[in-house]
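Enquirer: Show me how the following folds:
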Amino acid sequence: MPRSRINGNFIDKTSSIVANILLRIIPTTSGEKEAFTYYRDGMSAQSEGNYAEALQNYYEATRPEIDPYDRSYILYNIGLIHTSNGEHTKALEYYFRALERNPFLPQAFNNMAVICHYRGEQAIRQGDSEIAEAWSDQAAEYWKQAIALTPGNYIEAQNWLKITRRFD
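Expert: Here you go, the predicted model:
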């Protein structure tokens, strides 16, 4: 049974009803409708912390989804789950794939920067300053791209860039 039919709270049920009505009245292909249904179910599962179910729905949503913009958000959400699961290499791969389809996702750049910064911090703890510097430089580049897309956001990243003298 689709997740949209088993959600118990009023807001989820109302959102599902509205989404189903929109799917019927907006001219979309059956593939787009199928992709949206899987995406919506994936978001619902993800919000409840059911990451395995969310991933399954997102992977299913990528099958019929051909629009690069919509596909970028599916791939981004897959990256979020891999980040939450500590699978940073996989997460980076999905963020890259999302950005290939939609280069205007500052949140993907930010998340990539956070992973690189984390890896830099790990390298510092392991005493490898050269690797730490490389990861930090990469984090800086991703944060600069995120900030360029949304200048008022990522204030902590902007401060880090200034403190570390990486801000142009």
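Enquirer: Would you quantify the distance from W160 to A108?
Expert: Counting by CB to CB, to the nearest Å, the separation of W160 from A108 is 18 Å. C-beta here means a position set from N, CA and C on the backbone, and glycine is covered the same way.
Enquirer: Pick out whichever of the two has more residues nearby.
Expert: Neighbours were counted for W160 and for A108 using other CB atoms under 10 Å; A108 has more, 29 against 18.
Enquirer: ok, that one - contacts?
Expert: Residues near A108 by CB atoms under 8 Å, 6 or more residues apart in numbering: Y76, G79, Y95, A98, L99.
Enquirer: again, 10 Å this time
Expert: Residues counted as contacts of A108 (CB atoms under 10 Å, 6 or more residues apart in numbering) are 72-73, 75-76, 79-80, 91-92, 94-99, 102, 142, 145-146, 149.
Enquirer: repeat for C116
Expert: H88, L92, A134, W135, S136, D137, Q138, A139, A140, E141, Y142, W143.
Enquirer: mind redoing it with 6 Å?
Expert: If you count contacts by CB atoms under 6 Å, 6 or more residues apart in numbering, C116 has them with W135, Q138, A139.
Enquirer: all strands for the chain, in order.
Expert: Using DSSP state E, no strands are assigned anywhere in the chain.
Enquirer: now the closest residue to T83 other than its chain neighbours: how far from K162?
Expert: Distances taken as CB to CB, 6 or more residues apart in numbering place A91 nearest to T83, at 4.2 Å, with adjacent residues excluded. Per CB to CB, A91 is found 27 Å from K162.
Enquirer: Same question for Y38.
Expert: Remark: distance between Y38 and K162 (CB to CB) = 42 Å.
Enquirer: Those two: which is more packed in?
Expert: Shown here are Y38 and K162; by other CB under 10 Å, Y38 has more neighbours (23 against 10).
Enquirer: Please work out how many residues are found near the residue lying closest to the more buried one once chain neighbours are set aside.
Expert: With sequence-adjacent residues excluded and distances taken as CB to CB, 6+ apart, Y38 is closest to A61, at 3.7 Å. With neighbours defined by other CB under 10 Å, the count for A61 comes to 26.
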